[in-house]
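Q: Predicted model and sequence below, questions to follow.
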Amino acid sequence: MKKLLLQIALGAMVLSLAGLGPEAQAAVRKADRNVAKPAKVQRASAAPAKGRKVAVRAPKRVVAVEPPKPSYGQLQGLHTVSDPLDLKSSVALVVDQDTNEVLVNKNSMAVLPIASITKLMTAVVTLEAHQPLSDLLTITDADIDTEKGSRSRLTVGTQLTRGEMLHLALMSSENRAANALARHYPGGLAAAVAAMNRKAQVLGMADTRYVEPTGLSSQNQSSARDLALLVKTAYQQQPLIRELSTSPEAAVEVGARTLQFRNTNGLVRDPQWDIGLQKTGYISEAGRCLVMQAQLAGRKLILVLLDSAGKYSRIGDAERIRRWLNGSTSAAPQAAPAATSATPAATSAVAPLHAAS
């Protein structure tokens with residue numbers, strides 16, 4: 001039946017076209033073909049066409065940014081103390097090594113975390129134990145920083161000599177190297193920390209306390225006055241600390257690799273500076289720290305800068321002091337103590353520095 005109806009419809013179409021001209025007939029046939037064809041409907045494909053790359057944007061992650069943790073010096077209001085040199089460090093002390101004359105004094109009695117300045121005492125007790133510097137020490141899981149989560153290129157299993165570990169601890173402030181030195185101290189790490197505290201007492205460092213050998217703990221604390229005593233002693237008694245701490249860079253063989261390390265204090269590469277001993281330090285609680293023995297304006301001086309607020313401000317402070325010394329022969333006016341009850345240690349008076357043996 002359907003076939004019969006289709007034949008009738010086609011016959012009627014032929015008859016209707018018979019009365020049209022050739023061009024009209026062609027137009028009708030074209031229109032008929034277009035109507036007969038179903039329109040293409042675009043549908044969203046669940047999967048991309050074969051061989052076609054489709055870029056998919058990942059949803060944006062919102063990361064909460066924590067505000068920087070204030071240092072102990074900031075919490076105590078030490079940064080409110082002004083000084084004639086406009087130093088950015090809340091604690092500063094410059095002392096003539098030979099005469100003990102105090103040239104710059106800002107909150108020198110404040111007791112604060114000292115970060116990796118700790119490693120200077122670690123080096124002192126390590127050398128005073130008279131263990132062979134050629135002994136091989138191995139980095140273990142015990143040397144991994146669980147306090148701050150800091151990284152190290154000295155992977156677990158790395159073997160270096162005691163001398164190399166000492167070099168990296170002083171020059172590049174390598175935490176795992178410092179911890180390994182203390183672990184291999186006679187009696188172990190606890191004995192090393194006890195020796196550090198005993199040495200501090202012998203030197204008259206009454207404000208100083210150590211709980212571990214790297215400086216990662218904020219419980220390692222001291223004052224600028226105490227640290228000046230330590231720098232003076234280390235410079236006078238330990239020539240190896242002078243040499244290793246001021247080394248610009250060093251290469252060490254770790255297995256099949258050669259690792260290059262640089263000094264954390266860029267001033268050792270500055271020809272305007274004659275530095276005899278140095279150590280840097282940083283944790284958020286301590287701010288940026290720097291201690292140095294240097295020859296400036298024809299004098300052997302000890303510089304202590306603690307709790308500097310900016311990344312490069314301790315270097316900037318050292319440069320301010322150098323320029324002031326090169327252009328001045330008189331002592332700088334003393335900074336006024338902080339006007340707050342929260343900082344009883346802030347003072348402009350410093351006792352004479354006499355290093356004990």
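A: Great, that's in hand.

Q: so residue 295 touches residue 302, yeah?
A: No - counting by Cβ atoms under 8 Å, no contact exists between residue 295 and residue 302, whose distance comes to 11.1 Å. C-betas here are computed from N, CA, C, even on glycine.

Q: the more surrounded of these two?
A: Taking neighbours as other Cβ atoms under 10 Å, residue 295 and residue 302 compare with residue 302 leading, 26 against 13.

Q: so the more buried one, which of the three states?
A: Assigned with DSSP: H, G, I helix; E, B strand; the rest coil, residue 302 falls in the strand class.

Q: Common neighbours of residue 295 and residue 302, please.
A: The contact sets of residue 295 and residue 302 do not overlap (Cβ atoms under 8 Å, 6 or more residues apart in numbering).

Q: Tell me the bridge partners for the residue nearest the centre of the chain.
A: Centrality entry for the chain: nearest residue to the mean C-alpha point is residue 282, 6.9 Å, by Cα atoms, centre = their mean. Here residue 282 sits in beta bridges with residue 288, as judged by DSSP bridges.

Q: Kindly report the same for residue 253.
A: The partner residues for residue 253, given DSSP bridges, come to residue 258.

Q: what about it, neighbour count?
A: Number of residues near residue 253 (other Cβ under 10 Å) recorded here: 11.

Q: Going along the chain, name the strands of the stretch 101-250 of the chain.
A: For the stretch 101-250 of the chain, the strands defined by DSSP state E, counting those that start in this stretch cover 102-106, 112-113, 136-138, 159-161, 221-222, 249-254.

Q: Could you export these as a markdown table, including distance to residue 262?
A: Compiled in a markdown table, these are given as follows (distance: least, Cβ to Cβ, whole Å):
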| stretch | distance to residue 262 |
| --- | --- |
| strand 102-106 | 28 |
| strand 112-113 | 25 |
| strand 136-138 | 22 |
| strand 159-161 | 17 |
| strand 221-222 | 26 |
| strand 249-254 | 5 |
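
Q: Select, out of those, the one closest to residue 320.
A: strand 102-106 (9.7 Å; Cβ to Cβ).

Q: who does the closest one pair up with?
A: In the sheet, strand 102-106 lines up with strand 89-96 (antiparallel) (DSSP bridges).

Q: so which of the strands of the stretch 101-250 of the chain comes closest to residue 307?
A: Proximity to residue 307 (Cβ to Cβ) singles out strand 112-113 among the strands of the stretch 101-250 of the chain, at 5.8 Å.
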